[in-house]
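A.B. asks: okay, sequence plus prediction incoming.
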Amino acid sequence: MTMLEYVPGLVLGIALVLIASTALPRRPALRDVLAAPYRTPQPSAQQTSYSSPLARAGRGAVPLLSNLGLPRPARLRDLRVLDRSPVEHLATQAACAGAFALFGIGYPLILRLGGIALPAQVTLGATLLGGALGFLLPDRKLRNEAEQVREHLRHATSAFLDLSAIMLAAGAGLEESMICAAEPGTGPGHDHLRTALAVAQTSRKPLWETLGQLGEHTGVTDLCELAACAALAGSEGARIRATLTTKATSLRTRLLAEQEAHAASATERAAIPTTLLMTGYMLLVTFPAIMQAVHSL
């Protein structure tokens with residue numbers, strides 16, 4: 001049985017999955033239902049203003065992808081970190097998948113016009129592989145950008161805690177020291193910290209509560225741990241200062257260890273091109289002698 005005989009069954013299976021996902025949408029999680037009254041409503045696919053032509057090209061597939069349960073909770077967290085719309089991300093994924101799938105179909109057709117006929121299995125495989133790669137590419141880019149923002153937030157938190165502890169030792173109040181410590185920094189990490197502190201001021205919530213919510217919102221567990229430790233320390237200046245100092249030291253030590261591990265990994269990767277170059281050179285030098293030995297047998 002050739003691979004082409006599996007194509008009708010594959011197409012029928014995909015069609016049945018799409019029909020079932022549309023007729024029976026995914027049930028929302030209990031925590032999403034409980035949090036719905038307190039959450040800012042998200043714009044629908046028709047109400048969203050797409051910022052890129054790529055997203056506008058794929059907006060028709062957004063309802064179908066949403067019924068399939070996309071984006072996943074991890075990607076939703078990344079989108080919240082970058083302050084992007086899930087609807088636009090799904091539209092971008094659909095457009096990229098379509099573009100890569102068209103390339104998988106078009107390239108064999110171009111070769112056929114040039115007199116090179118590829119098997120139908122190769123065309124089908126290239127189409128499916130191109131569509132899958134195009135669909136996953138925006139996810140990978142989103143994950144990398146969100147990790148960079150989280151890394152900036154961790155470094156900003158370390159500097160923020162150090163400055164807060166210093167100002168507390170100088171006699172400043174807790175709220176004053178934390179707000180002043182967040183002011184000098186630049187970058188997305190300090191922007192998130194300033195926003196969380198501003199929310200605490202305007203809503204009259206404890207600073208630790210908004211910092212803990214920021215940690216849950218961005219996926220940075222260090223802020224959640226800081227909020228829990230500070231809540232246990234209470235409101236006494238000496239205990240708070242000791243807590244901030246200890247947390248800043250541990251966070252700085254962990255970030256330094258991660259940077260050293262990253263530098264060691266980059267050093268090891270830098271040796272790979274040199275190794276491949278030397279291997280190719282040795283093959284080039286020894287190839288005549290190897291061929292002569294083979295022919296003499």
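C.D. replies: Arrived safely, thanks for sending.
A.B. asks: assign R84 to helix, strand or coil.
C.D. replies: Look at R84: counting by DSSP: H, G, I helix; E, B strand; the rest coil, its state is coil.
A.B. asks: could you report the neighbour count for the residue lying closest to it once chain neighbours are set aside?
C.D. replies: Once flanking residues are discounted, R84 sits nearest to L142: 7.8 Å by CB to CB, 6 or more residues apart in numbering. Just so you know, the C-beta spots here come from the backbone N, C-alpha and C atoms, and that holds for glycine as well. For L142, the count of nearby residues is 20 (other CB atoms under 10 Å).
A.B. asks: for A238, give me the pLDDT.
C.D. replies: The per-residue pLDDT reported for A238 equals 60.
A.B. asks: wait, D32
C.D. replies: pLDDT, D32: 56.
A.B. asks: and for H152?
C.D. replies: H152 is given a pLDDT of 90.
A.B. asks: ok, now which ones touch it?
C.D. replies: By CB atoms under 8 Å, 6 or more residues apart in numbering, H152 lies in contact with 187-189.
A.B. asks: ok, those vs P108, which is closest?
C.D. replies: P188 (43.6 Å; CB to CB).
A.B. asks: okay, the closest one and C229: tell me how far apart.
C.D. replies: 24 Å (CB to CB, to the nearest Å).
A.B. asks: more neighbours, the two?
C.D. replies: Taking neighbours as other CB under 10 Å, P188 and C229 compare with P188 leading, 18 against 15.
A.B. asks: is it true that the more buried one touches V149?
C.D. replies: Yes: using CB atoms under 8 Å, P188 is in contact with V149, at 5.0 Å.
A.B. asks: low-confidence regions, the stretch 51-200 of the chain specifically.
C.D. replies: 51 (pLDDT under 70).
A.B. asks: can you do 80?
C.D. replies: Scanning the stretch 51-200 of the chain for pLDDT under 80 picks out 51-58, 67-69, 104, 106-123, 171-175.
A.B. asks: tell me where it has helices.
C.D. replies: Along the stretch 51-200 of the chain, counting by DSSP state H, counting those that start in this stretch, helices occupy 53-57, 62-67, 73-82, 86-113, 120-169, 174-182, 188-203.
A.B. asks: ok, which of these comes nearest T246?
C.D. replies: Across the helices of the stretch 51-200 of the chain, closest to T246 is helix 120-169 (CB to CB), at 9.3 Å.
A.B. asks: let me know how buried the closest residue in space to R150 that isn't next to it in sequence is, in neighbour terms.
C.D. replies: Nearest non-adjacent residue to R150, counting by CB to CB, 6+ apart: V220, 5.5 Å away. By the criterion of other CB under 10 Å, V220 has 22 neighbours.
A.B. asks: which pLDDT does the model give V220?
C.D. replies: Looking at V220, the pLDDT reads 86.
A.B. asks: cool, the one 10 residues further on as well?
C.D. replies: Looking at A230, its pLDDT is 75.
A.B. asks: the helix or strand containing it vs helix 120-169, what angle?
C.D. replies: Secondary structure from DSSP states H and E places A230 in helix 221-233. Calculated by axes from the mean of the first three to the mean of the last three CA atoms, to 10 degrees, helix 221-233 forms an angle of 30 degrees with helix 120-169.
A.B. asks: now helix 221-233: buried residues?
C.D. replies: Buried positions in helix 221-233, judged by neighbour count with 16 or more other CB atoms under 10 Å: 222-224, 226-227, 230, 233.
A.B. asks: tell me the contacts of the residue nearest to R84?
C.D. replies: 75, 78-79, 82, 84, 89 are the contacts of L142 under CB under 8 Å, 6+ apart.
A.B. asks: give me the buried subset of these.
C.D. replies: For these, buried by 16+ other CB under 10 Å: 75, 78-79, 84, 89.
A.B. asks: ok, so of the residues you listed, who is nearest M278?
C.D. replies: Looking across the buried ones among the contacts of L142 and measuring by CB to CB, the closest to M278 is D78, at 40.4 Å.
A.B. asks: closest to A264 out of the helices of the stretch 51-200 of the chain?
C.D. replies: helix 120-169 (17.3 Å).
A.B. asks: in CSV: the contacts of L142, plus distance to A289.
C.D. replies: Listed next are the contacts of L142 as CSV, based on distance: CB to CB, whole Å:
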residue, distance to A289
R75, 55
D78, 55
L79, 59
L82, 57
R84, 59
H89, 57
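A.B. asks: for I290, what are phi and psi?
C.D. replies: phi -70, psi -40 (degrees, to the nearest 10).
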